[in-house]
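# this one's structure only:
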């Protein structure tokens, strides 16, 4: 770990910086999850969402179509 220290930096300063960064990351992640759930809530309550399986199937079909088109032009 000492090799990771910048010039004039102490081990304590490095650890403090790492801990502060992790605390910030966790706070931001929790806020992201909160906002995400709030955004999804109206769709869940209305029951008009599109099932994930349907979305994935459509995406797979688009990928297959793009690959087929690319193979034809190659």
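Good, I have the coordinates. Just so it is clear, the structure is predicted and the values come from calculations on it, not from any experiment.
# make it CA atoms for all contacts and neighbour counts henceforth
Noted.
# Kindly indicate whether residue 71 is helix, strand or coil.
Three-state call for residue 71 (DSSP: H, G, I helix; E, B strand; the rest coil): helix.
# how close does it sit to residue 12?
57 Å (CA to CA, to the nearest Å).
# same question, residue 68
Counting by CA to CA - residue 68 and residue 12 are separated by 57 Å.
# cool, and residue 26?
21 Å.
# Counting neighbours, go ahead and name the busier of these two.
More neighbours surround residue 26 than the other of residue 26 and residue 12, with 12 against 9 (other CA atoms under 10 Å).
# I'd like the distance between the more buried one and residue 38.
For residue 26, the distance to residue 38 - CA to CA - is 18 Å.
# One more: residue 22?
Relative to residue 38, and taking CA to CA, residue 22 is found at 24 Å.
# now residue 5
Taking CA to CA, one finds residue 5 at 41 Å from residue 38.
# SS state for residue 50?
coil.
# got the buried residues for the host helix or strand of residue 18?
Using DSSP states H and E, residue 18 maps to helix 11-46. Buried residues in helix 11-46, counted by 16 or more other CA atoms under 10 Å: residue 14.
# If you count contacts, what does that helix end up packed against?
In terms of contacts (3 or more CA pairs under 8 Å, 6 or more residues apart in numbering; DSSP states H and E), helix 11-46 is not packed against any helix or strand.
# Cool, thanks, signing off.
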